[in-house]
Structures are given as structure tokens and as C-alpha cells.
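Engineer: Take a look and give me a structure for this.
(2 chains)
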Amino acid sequence: MSTSSVVLLAQGLTKSYGSVQALRGVDLGVKRGEVFGFLGPNGAGKTTTIRILLDLIRPNGGTVRVLGLDPQKDALAVRARSGYLPGELHLEDAETVETILKQFNALRSGKADWNYVRSLVERLGLDLKTQAKNLSKGNKQKVGVVQALMHRPELLLLDEPTSGLDPLIQQEVHKLIGEAKADGATVFFSSHVISEVEQLADRVGIIRKGVVVEVAETQALTKRALRRARVRFGSGVQIPPLADVPGVTLLSSSADSVVLRVEGEMDALIKALARFPVMEFETERPSLEEVFLAYYER
Amino acid sequence: MFTIFKQSLRRWKWQIVGWGSSLLIIALYLMWLYKPMLEQQAQLKNLFDAYGKEMLSFFGGTVDIFSAGGYLNFAFFSYVPVAIGILALLLGSGLVVTDEEKGTLDLIMAHPITRTALFWGRWLALVAALTLTLLLAWLGFALGKPLTGLDTTIWQMLLPNISLLAILLLFGTLALFFSLVLPSRTAAASVTGALLVVSYIITSLASVNDNLEPLNKLSPMRYYQGGSAVNGLDWGYFLGTLGVALILAALAWLSFLRRDIRVSGEGNWRLPFLRSKSQSLF
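Structural biologist: Just a heads-up that it's a prediction; the model follows:
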């Protein structure tokens, strides 16, 4: 990855809240124009990482570069070129959606094209005249999505972007993220919804207890890391002890078949099976969820 | 900074109108009341003579309440810093922390605006809000002036308001400073409120008890002139008070520059003996 193609870079990022260590050395690199999914359960450090990228909180150690800039020294430039959707979105209750969006636009010196704002509002089914206090959680989230996108930023930092949205609007938000990518934006989004990450992300980073344990292309991760294999043997054959094969875990077995989880290359398993009469051999690509859980079971 | 200034003033518009119009009405009423009081000067003098010095000290001491400065002080400017002080410390303590506690500051600060611009934009809005409120109070005195035979001009009546502005700014900014170092806005407002009342009591009692004078020198209220400012503003007191407010603002700004932006109370701390084991940190 060349330096100029890296939009987000974190090296050895640490952050503590009192005695609680939220980040224990996060290393990340996000390339220009990609959609990067940041996956992890609640409390893993996703939000903390994103808030450091915008200089909302300061790390205790490590290096951060966003769009080639140090967020602590060039916060203004980083924020001007970014759109942010917080994980916990709170709006000024007394104001209407229109006023809130206009106030955010004023903070960006009126950079947003209001026709584009209207089209976003329409696509997400928002009413500009409704007061924030009368909005449901999902509708507030829509306001958050609009304000993050409305100035067509180079970089989108989205913390759980579809939280609280109904499935139809979730799909619309996915489309908007796809359109932003098509326009050249880089998207860094956190989620604990694995199917969403699988659907949207070009690459995935998995964070566990404040450490990034894996970064890989989404497809490669699901293809490469784990497979489920179902093997049916000929009748009368004593099932061999396949669990001893490196990378193989026995998930279940019956009189003539076994279901195995295979981590890494299949070669050792196939060679082990070659000595037995195999009637059927099926493999399944695992869902990202299985991959994810495998990391958490370690 | 100007956008933040405008947005803050817009947010406080009803507080400014509410407090300002209330003060305007009170000022008008007090102006109207002056003539009837003057007509009963002899009876009132006997009544006040019957009060102890300690009692009168809370209304500006044993000054001539029938002079312009004495009347304005007795009827309004002696106690009003405590009343409007509530507005000042509520605005000051909430200047930054209200948005943190509501969880809205996170998103505001994700926009291209520096912490310095946000801080000073809001602090200037605090100055403007207090100034506008006091201008409405002054307008009440100015409009009511023709009803009285008060021996002063409307411009002289502006001077106690200027003295009042300085002391309100000091306590408002003190509340702001506390809000950035104490765990919550409520704690900041409570501590500042207590200090305001203590300062008021010390300065009031010091006028009748010389032993309190050393302590009184540390009391901000000592440097507030009240109604006596109609005879001339003490620029030393005014600028000194304003200077302390600016120093407090600078300290609060430095604290804001260094700290993490909290979301909905995350990272708040409590006194050790109040801390529960289940306290969430992030």
C-alpha cells in the first residue's frame, strides 16, 4: 500500500479511560476509495477508534493520519473533508430537521448543495418540518445519515450507520454508501451486524478487546479462513479420526458421515480422506459470522 | 466563531427575553414607586432607623435611600446580582457541558470548527446575552425615569449595569471553568452558586463588621459598586473584575483544549465515596 493511497492510518493506537484500556495498540490502514468495515462487538473499541480519527478524543499513544494529516494538528482540514455519523446520535430536540441540517451546513460554511440535501431527505423519507423531539430513533438516524453525506465528503466515518433503521431504509443507506464510493469517497464504517459488513465492505478489520486481530478482503476472509466440509463414507467403513488432521475440527458425526470445520488449506484433509472410500464430499463457504465467531472463540 | 456565536444566542433568545423583560418590568415598577416613597420619606426613615445595621447591610448598607444612587442600590442593584447571577451561572456552566451531557457536542465538533472557535464563540455569546439582558433592565429605568424626580440621567443609570455586567461575567465564567473540571454541570452550577451567595453575605456583613474586611478583600462582590456607580464607575474595580473573568475564561479554554469530548456523560467522574462499582467509563 503506497502512502498516497492510504486515507486512514493508525499505528499502535492506545487509549485508556481511567483504569480501563479501550485500545491496546490498534494498527489499521484504509485505502483511498475503498469501503472498510470495522467489525467487533460492543465495547471492542470501534467507537473509540473513530472518535480519535476526528480528534474528538486524544489517544494515549500511537500515530494517526487521516487524509495524510494529523487530526490533532489539522483537525479543521480533516473534519472539513470528512462526514461523520456518531454511534450515539443526539440532536437538538427543540429544532426542526431543516433547522438542524441548516445549522450543520452553516458550520461547513454552507458547502452543501441544498438540492442534494432535499434528494437525500426524500430518499430516506424524512420530513424537514418535524421537530427532532418528535422523531423516532430511526428517523433521527436518517438525519444523521443526511448530515454526514450532504457535503459529499472525501471520507465517510460512520459508526453503526444503519442502527435503528428499518430494512428498507437500511437498503437505501447501503445504496447511498455505494454511491459515495462510486463518487470516489472512502468509507470507514463500524458495525456489529456481520451481514451488513459482508454486503458493503471491500475489506474488513476485526477488532477484539482493543486490538485489530485481522484485516483482510471480505471475500478472501470468508473464502480463505474457514470452510465447512461434509463427508459421507461408504457403508461399513470405520470413520477415521479426522480431528487429528491439522486445522480440522469435528463439528458432528453420524454412523456414516462427519461435518468438519477446516481452517486454512484443504490439502491435509483431502490427503487424509484419500485412504478411505468417500461417497460424498461437500464444502460450504462460511458466512462472515462464522469467521468472526472463530476469532472470538480463540 | 461567528456561526457558533449566532447559534448560541439563538438558543438563548427566550432566556434573554424572559429575564430581560422581567427586569424591565421590575425597573419600571421601581421607578414608579420612587415618588410615593419620597412622599413618605419621614415615616420610612423612622422605619429604616428601627432596622438593625446588619439587616440594612443586605440592601446596600445605611446609605441615603432617597438619593439616586442610594435608591437604585436599595431597590435593585444590592440584591440583583444574586438573582441574575442564577442566569449567569446557568448559562456559564452549560456553555460547553450542556451539549456534552446531551450528547450533541460530539457531532458539532466533528464539523470543521476548532475547539478555540467553539469556546470563544460561545463565551462571547455569554457576554452578549448578559449585556442584552442588562440593557433591557436599563431600558426599564430609562423609560421610567420621567415618572420620578430621581436626580440622575439615564446615562448615569447605565453605569451600575456595567458594574453588574462585570460581576455576572465573573461568576458566569467561574461556572464555566468549574463545569470543565468538575464531573457535571449540576456540580459546577451548585459550587458557583454557593460561592456567589457566600461572597454576597461576606461583603454585606463586612460593611458593618470591620473584622471581616480581610476576607472581604477576596470576595468578588466587594468590587461590585451597585447603585453607587451612578456617581461614577470605578474603572479599577470594573477592569479588575473583568480581568479575573478573562483569566478564568482562559483557564477554562486551556482545559477544554486538552480534554476529551464526552458523550452523554461518558468519562464523568464522581467523588470516590460516591462512586459505584458499576460505573461505566466508555
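Engineer: can you give me the helices in the chain?
Structural biologist: All of this is about chain A. Counting by DSSP state H, chain A has these helices, from start to end: A:46-53, A:75-80, A:97-107, A:114-123, A:137-149, A:167-182, A:194-200, A:218-224, A:267-273, A:288-297.
Engineer: not quite, I wanted chain B
Structural biologist: Going by DSSP H, chain B shows helices at B:2-11, B:13-39, B:41-50, B:53-57, B:68-72, B:80-94, B:97-102, B:105-108, B:115-144, B:158-181, B:185-206, B:213-216, B:235-258.
Engineer: do you know which of those helices lies nearest A:Ile50?
Structural biologist: Closest approach to A:Ile50 among those (C-beta to C-beta): helix B:105-108, 10.4 Å. Any C-beta I mention is one placed from the backbone N, CA and C, and that applies to glycine too.
Engineer: burial of residue 68, as a residue count?
Structural biologist: Chain wasn't specified; assuming chain A. Neighbour count of A:Gly68, defined by other C-beta atoms under 10 Å in any protein chain shown: 13.
Engineer: Can you look at chain B instead?
Structural biologist: 21.
Engineer: And the pLDDT at the residue nearest to it when sequence neighbours are not counted?
Structural biologist: Using C-beta to C-beta, 6 or more residues apart in numbering or on different chains and skipping residues adjacent in sequence, the residue nearest B:Ala68 is B:Thr152, 3.8 Å away. Here, the pLDDT recorded for B:Thr152 equals 84.
Engineer: wait, what's in contact with B:Trp12?
Structural biologist: Each residue near B:Trp12 by C-beta atoms under 8 Å, 6 or more residues apart in numbering or on different chains is listed here: B:Leu91, B:Ala125, B:Ala129.
Engineer: can you pick the most crowded of those residues?
Structural biologist: B:Leu91 (26 neighbours).
Engineer: Quick check: that residue vs B:Leu130, distance?
Structural biologist: B:Leu91 is 8 Å from B:Leu130, where distance means C-beta to C-beta, to the nearest Å.
Engineer: list the residues that contact both of these two?
Structural biologist: Common neighbours of B:Leu91 and B:Leu130 (C-beta under 8 Å, 6+ apart) are B:Gly172.
Engineer: Run through chain B and note the low-pLDDT ranges.
Structural biologist: B:52-63, B:264-282 (pLDDT under 70).
Engineer: Geometrically speaking, which residue is the centre of it?
Structural biologist: For chain B, the residue nearest the mean C-alpha position is B:Leu168 (2.5 Å; C-alpha atoms, centre = their mean).
Engineer: Quick check, that one in contact with B:Gly85.
Structural biologist: Yes: using C-beta atoms under 8 Å, B:Leu168 and B:Gly85 qualify as a contacting pair, with a distance of 6.4 Å.
Engineer: Please give the number of neighbouring residues around the closest residue in space to B:Phe74 that isn't next to it in sequence.
Structural biologist: Once flanking residues are discounted, B:Phe74 sits nearest to B:Ile65: 4.4 Å by C-beta to C-beta, 6+ apart. Neighbour count of B:Ile65, defined by other C-beta under 10 Å: 21.
Engineer: number of nearby residues for the residue in the stretch 151-298 of chain A that chain B sits nearest to?
Structural biologist: Of all residues in the stretch 151-298 of chain A, the one sitting closest to chain B is A:Leu157 (8.1 Å; C-beta to the nearest C-beta). By other C-beta under 10 Å, the residues close to A:Leu157 number 27.
Engineer: Tell me what it is bridged to.
Structural biologist: Listed beta-bridge partners, A:Leu157: A:Tyr84, A:Phe188 (assigned using DSSP bridges).
Engineer: Contacts only, for residue 252.
Structural biologist: In the absence of a named chain, this looks at chain A. A:Val258, A:Val259.
Engineer: Chain B was what I was after
Structural biologist: Contacts of B:Ala252 (C-beta under 8 Å, 6+ apart): B:Phe119, B:Thr173, B:Leu176, B:Phe177, B:Ser179, B:Leu180.
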